[in-house]
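Visitor: Whatever this is, show me its structure:
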Amino acid sequence: MPRFALLLLLVSLLAPTAPASAQAVYRCVDAQGRSVFSDQPCASQQAHPREAPKPPVASAQGFASGTGTTAPGCARTPQALLDGVRGALEARDVNRLATHYHWAGTGARAGRFLMDELEAIAARPLASAELAWEAPPAGASPGAEPAPPSRLRIEQSGASGAAGAVRTEFLLRRHAGCWWIEL
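Guide: Next up is the predicted model:
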């Protein structure tokens with residue numbers, strides 16, 4: 001029996017194989033906006049070709065949008081948090097902005113609400129982002145160690161070219177050795 005199996009294996013390796021026909025897969029979008037995958041061209045499906053994903057966009061600070069472009073780990077300093085939030089807002093990337101949010105203790109319903117809020121913030125054009133401190137207490141000595149910033153202030157243009165500026169102040173929270181934003 002083993003001799004027969006060996007012979008069968010040898011014959012199968014030497015036998016000519018049928019050429020695999022490589023067919024293209026057409027990725028299309030139909031009139032209702034649904035994705036259509038077919039071996040036929042999009043025009044024959046009454047659809048148009050699906051656009052390729054846009055390449056990452058680099059910001060003025062050198063941050064790139066898209067998955068996997070955020071630095072690993074947490075923001076160890078308020079300045080690192082500011083840089084990360086600024087980069088996320090310049091790229092208008094809500095998912096990247098959400099990586100800087102302090103989600104500890106947030107339930108599912110509150111999380112959905114917060115993601116909607118973050119999405120609205122990320123959709124607006126960024127004008128400025130800066131750290132803000134509480135006013136020093138009266139009678140504080142001038143040589144004392146300055147307190148860490150307490151807020152991150154975002155100034156943005158109105159959505160879709162609407163007039164007026166929109167200000168958002170995130171509270172800063174230090175947790176597990178990292179700096180986070182909160183609404």
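Visitor: Show me where this protein has its strands.
Guide: Counting by DSSP state E, the chain has strands at residues 26-30, 35-38, 47-49, 126-132, 151-157, 165-175, 178-182.
Visitor: most tightly surrounded among those strands?
Guide: Scoring the strands of the chain by mean neighbour count under mean count of other CB atoms under 10 Å gives strand 178-182 as the most buried, with a mean of 20. Where you see a C-beta, it was placed from the backbone N, CA and C, and this is true even at glycine.
Visitor: if we can go back for a sec, now for the strands of the chain, which one comes closest to Ala104?
Guide: Closest of these to Ala104 is strand 165-175, at 6.4 Å (criterion: CB to CB).
Visitor: Quick one: mean pLDDT for the closest one?
Guide: Model confidence over strand 165-175, given as mean pLDDT, is 93.
Visitor: and it with strand 126-132, angle?
Guide: 40 degrees (axes from the mean of the first three to the mean of the last three CA atoms, to 10 degrees).
Visitor: so Arg86 makes contact with Glu130?
Guide: No - Arg86 sits out of contact with Glu130 when judged by CB atoms under 8 Å, with a separation of 9.2 Å.
Visitor: Select, out of the strands of the chain, the one closest to Ala108.
Guide: Here strand 178-182 is closest among the strands of the chain (CB to CB), at 17.6 Å.
Visitor: residues in contact with the residue lying closest to Leu81 once chain neighbours are set aside?
Guide: Among residues not flanking Leu81 along the chain, Ala75 sits closest, at 3.6 Å (CB to CB, 6 or more residues apart in numbering). Taking CB atoms under 8 Å, 6 or more residues apart in numbering, we find Ala75 in contact with 81, 84, 100, 178-180.
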